[in-house]
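S.K.: fold the stuff below for me.
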Amino acid sequence: MVPHPKVGDKEHYRRMAQKHGYNTQPLMQLSVRFVDCVIGDAAVEVDWFTHASGDLALLHFKNYKSIGYNGTAVFPADTSGLKQGKYLCRLGFPFPEFTNFEYDSANDAIRWTDTGRQVTPRFPIEGMVTRHLLDPSGATVGFEMSTPGLKGQSGGPAFDIQGKVWGVQFATNHLDLDFDVNQQVVREGTKKIVSDSAFLHVGGCVHVDVMKAFMRKHNVVFTEQ
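M.R.: Model (predicted):
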């Protein structure tokens, strides 16, 4: 039995951390499953290519048996129409409902299972293009939308009414509206002070031109209209 360490016994914690391989960095485990991408077995391999400056990556699946989706993305051939005021829809999975996982106590790990709910609903959110996003050289690399990208929508497409993809959601920013209030109100006959600081939550998307250039660089075939 290991005696409970005294308060301030840093050496004990140091020895225990060293024994179990812990360090000062946050500890987390990520278990990834690519849903509806390819169908195969344990022999499936994945290569990935990250963009040099943008929040973008390409995945290349190898040794799979068949694809798990119908149809491919369509991108606009002429991107000059991506201007302020254009309405787009973003799609992602901000409210997950899948339950096909469990904790493996023997291996101190998360593992996927064949039971439970294996799907989760897609959730759309609309927004207007508000501003373009520039890199330090002044080149357009993305665009901002009037509504936030919800957690779980990053990596999801921003597309128009025809289904053409104009970008990919990657961030949410919070713009201070300078509408701080401390106001007395009446709630159910009782006076109370309400304090509020208002922010406008806006979404950031990678520009379609950046996406197309990245795919061409890696010889990825895609459809334009």
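
S.K.: the residue nearest the centre of the chain: what secondary structure?
M.R.: Residue closest to the mean C-alpha point of the chain, counted by C-alpha atoms, centre = their mean, is residue 154 at 2.5 Å. The assignment at residue 154 comes out as coil when based on DSSP: H, G, I helix; E, B strand; the rest coil.

S.K.: wait, it sits on residue 167?
M.R.: No: judged on C-beta atoms under 8 Å, residue 154 makes no contact with residue 167 at a distance of 12.0 Å. C-betas here are computed from N, CA, C, even on glycine.

S.K.: circling back to that earlier point, contact partners for the residue nearest to the centre of the chain?
M.R.: Neighbour list for residue 154: 92, 169, 170, 171 [criterion: C-beta atoms under 8 Å, 6 or more residues apart in numbering].

S.K.: what pLDDT is listed against it?
M.R.: Looking at residue 154, its pLDDT reads 91.

S.K.: most neighbours among the contacts of residue 154, which one is it?
M.R.: Counting neighbours by other C-beta atoms under 10 Å, residue 169 leads the contacts of residue 154 with 26 neighbours.

S.K.: relative to residue 33, how far out is that one?
M.R.: 20 Å (C-beta to C-beta, to the nearest Å).

S.K.: hmm, back to that, from the contacts of residue 154, which is closest to residue 16?
M.R.: residue 171 (38.1 Å; C-beta to C-beta).

S.K.: and residue 105, how far from residue 124?
M.R.: For residue 105 relative to residue 124 (C-beta to C-beta), the value is 38 Å.

S.K.: again, but for residue 64
M.R.: For residue 64 relative to residue 124 (C-beta to C-beta), the value is 29 Å.

S.K.: of these two, who's got more company?
M.R.: residue 64 (16 against 11).

S.K.: can you tell me which residues contact the more buried one?
M.R.: Taking C-beta under 8 Å, 6+ apart, one finds 38, 39, 40, 44 in contact with residue 64.

S.K.: next one: residue 218
M.R.: Taking C-beta under 8 Å, 6+ apart as the test, what residue 218 contacts is 49, 58.
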